[in-house]
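# Here is a sequence with its predicted model. Questions after.
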Amino acid sequence: MTLTALGNLLTVTYLWIKAGHVIFVIFWIAGLFMLPRFYVYHQESAPGSAEERRWIDRERKLRNIIITPAMILVWIFGLTLAWQIGLFSGSPGLGWLHLKLLLVVGLSGYHGWMVSYGKKLARGERPTSGKALRLMNEIPGIATAAIVVLVIVKPF
Ligand code: HEM
């Protein structure tokens with residue numbers, strides 16, 4: 001294989017991996033927007049009611065089928081891209097990626113907190129108010145805006 005052919009192969013693979021990355025970013029973030037909403041509606045249902053059981057089931061499915069697998073795939077695709085553009089070999093000019101990673105680690109922590117909150121709800125606990133959950137629902141939106149600016153504009 002010539003060097004040009006190898007270069008082309010890497011470029012094509014890179015774009016497919018980037019497409020996969022963005023597809024699962026959409027699934028993950030869409031799910032992260034929905035989950036606290038579900039919790040708000042859940043907390044408005046009567047404890048022990050059939051409606052509460054339906055919310056527990058919907059929340060579990062959203063977590064287990066959509067957001068947790070999507071988050072894992074975003075990380076796998078994202079780290080592969082980062083490796084290809086030289087994050088692990090110290091390439092210069094990747095300040096935007098370092099800050100992005102910091103934000104994504106925070107977003108993954110938010111994800112973990114939301115998953116554990118859902119497990120508490122399923123046990124019948126309701127430790128946080130609906131208002132606080134609504135406020136927390138802003139976090140993934142703000143983080144997404146900052147991450148997209150970093151990855152598209154690459155300001156540093
Ligand atoms: C989980 C850790 C993540 C890593 C390691 C990572 C890494 C990367 C890398 C290296 C690129 C390629 C940039 C380029 O080709 O110029 C990329 C593209 C992208 N990432 Fe991520 N990313 C992660 C998570 C996320 C998240 C959570 C979002 C959105 C909320 C996101 C949104 C995007 C977008 C929109 C692009 C495409 C930008 C473009 O080239 O047009 N990423 N990511």
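Cool, the structure landed.
# Grab the nearest non-local neighbour of R126.
Once flanking residues are discounted, R126 sits nearest to Q43: 5.4 Å by C-beta to C-beta, 6 or more residues apart in numbering. Where you see a C-beta, it was placed from the backbone N, CA and C, and this is true even at glycine.
# residues in contact with the residue in the chain positioned nearest to the ligand?
The nearest approach of the chain to the ligand comes at G78, 2.4 Å away (C-beta to the nearest ligand atom). Residues in contact with G78, defined by C-beta atoms under 8 Å, 6 or more residues apart in numbering, are H21, V104.
# Is it in a helix, a strand, or coil?
Following DSSP: H, G, I helix; E, B strand; the rest coil, we place G78 in the helix state.
# Next one, pLDDT for it please.
On the pLDDT scale, G78 is placed at 98.
# any idea how far it lies from L101?
As judged by C-beta to C-beta, to the nearest Å, G78 and L101 stand 9 Å apart.
# doesn't G31 make contact with L62?
Yes: with contacts defined as C-beta atoms under 8 Å, L62 counts as touching G31 at a distance of 5.7 Å.
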